[in-house]
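**Student:** sequence and predicted structure, then a few things I'm wondering about:
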Amino acid sequence: MSSTTQQIKVVDAFDLDDELRSLLKPGEMVRDAHGRRHRLPRYFYEVPSHDAATDIRLTHHFGLNEFALVDLKESPRLQQFPQYIPCAVRLLAFFLEQFRAAAGASVHIAVNGGYRSPAHKMSIGATPHMWGTSADIYRIGTAILKTQELIERFNTLAEDLSDDVCVMPYGHETGESVDDHVHIDLGYIIAVPREISEDRMELPQESRPRFAFEERRKRDRRVPAVAGAAANEKVE
Ligand SMILES: [Zn+2]
């Protein structure tokens, strides 16, 4: 174990300050386009800086930074560091890694195409982007995904990965279909990190904040870039 390894801090959003709680809305219900209610995530990765976001690898090819790209459509506070990303993003990264392998090319997530908070201007109704379980991909290798042919080809590739993967059909209706990216989502998954001790009270714990540092997983995915590249070479 290296002391330079970036540890990922996991926080319970009920323990964050008032402003962050009002933006992230942990545990609150949001309706989707069909009127079904979904509970928003509560446990988040806390990302202290841009460098940390880049260094923290969720899989070989996906860093936390790739899911945190937002512009002025996101609340000003959530454009700053520390940033917060729901812990289920780790599952999304796993599926995107499989998708990348199936496509045989690099997969590029659009700005505002990863995690969007409930305060994000594109967060109208419950979209899995608010759970960190959805990615909008605008480019694969050198192919810009703007044609029906490309979008449908990669939609099929994504759906063939697993029955748990959903995509949006080609079309021009916002929120219903897509015409300039591939939307991949895993639905409304809430991840509870194993390091967290759950509590029934949905209130801040003033005496004992419920944050934890994620323990190391089996393989080292959080090493600095140089050592990380060497580790990747062994695998590929
Ligand atoms: Zn999307």
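**Tutor:** Thanks, I have the structure now. Numbers count the residues shown, from 1 in each chain.

**Student:** mean confidence score for stretch 40-52?
**Tutor:** Here stretch 40-52 scores 94 as its mean pLDDT.

**Student:** which residues touch that stretch?
**Tutor:** 6, 8-14, 24-30, 53, 56, 64-65, 68, 81-89, 118, 130-132, 190-193, 196, 211, 214 (Cβ atoms under 8 Å, 6 or more residues apart in numbering). Where you see a C-beta, it was placed from the backbone N, CA and C, and this is true even at glycine.

**Student:** near the ion too, which of the residues you listed?
**Tutor:** Among the contacts of stretch 40-52, no residue sits close to the ion (Cβ under 5 Å from the ion).

**Student:** okay, and which of the residues you listed map to strands?
**Tutor:** If you go by DSSP state E, these have 9-12, 29-30, 83-86 in strands.

**Student:** circling back: show the buried residues in the contacts of stretch 40-52.
**Tutor:** For the contacts of stretch 40-52, a burial check counting by 16 or more other Cβ atoms under 10 Å picks out 6, 8-14, 24-26, 30, 53, 56, 64-65, 68, 82-89, 118, 130-132, 190-191, 193, 196, 211, 214.

**Student:** residues from this protein in reach of the ion?
**Tutor:** 136, 183.

**Student:** lowest-scoring secondary structure element of the chain by mean pLDDT?
**Tutor:** In the chain, no helix or strand scores lower on mean pLDDT, DSSP states H and E than helix 225-235, which sits at a mean of 46.

**Student:** quick one on the thing from earlier: out of the ones in strands among the contacts of stretch 40-52, what pair is the most spread apart?
**Tutor:** Using Cβ to Cβ, the pair of those lying farthest apart is Lys9 and Met29, separated by 26.7 Å.

**Student:** let's verify the residue of the chain found nearest the ion: helix, strand, or coil?
**Tutor:** The chain approaches the ion most closely through His183 (3.6 Å), counting by Cβ to the ion. Three-state assignment for His183 (DSSP: H, G, I helix; E, B strand; the rest coil): strand.

**Student:** contacting residues around it?
**Tutor:** 134-137, 167-168.

**Student:** can you lay out those as CSV showing neighbour count and secondary structure?
**Tutor:** What follows is the contacts of His183, written out as CSV (neighbours: other Cβ atoms under 10 Å; DSSP: H, G, I helix; E, B strand; the rest coil):
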residue, neighbour count, secondary structure
Ser134, 26, strand
Ala135, 30, strand
Asp136, 23, strand
Ile137, 23, strand
Val167, 18, strand
Met168, 20, coil
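
**Student:** how about TSV for the residues you listed, with pLDDT added?
**Tutor:** TSV is the format used below for the contacts of His183 (pLDDT from 0 to 100):
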residue	pLDDT
Ser134	98
Ala135	98
Asp136	98
Ile137	98
Val167	97
Met168	96
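
**Student:** run through the protein and note the low-pLDDT ranges.
**Tutor:** Low-confidence segments of the chain, defined by pLDDT under 70: 1-6, 200-210, 216-236.

**Student:** so what's the residue count around the nearest residue in space to Asp179 that is not next to it in sequence?
**Tutor:** With sequence-adjacent residues excluded and distances taken as Cβ to Cβ, 6 or more residues apart in numbering, Asp179 is closest to His172, at 5.4 Å. Using other Cβ atoms under 10 Å, the number of residues around His172 comes to 9.

**Student:** could you do Arg21 as well?
**Tutor:** 16.

**Student:** tell me the contacts of it?
**Tutor:** Residues in contact with Arg21 (Cβ under 8 Å, 6+ apart) are 13-14.
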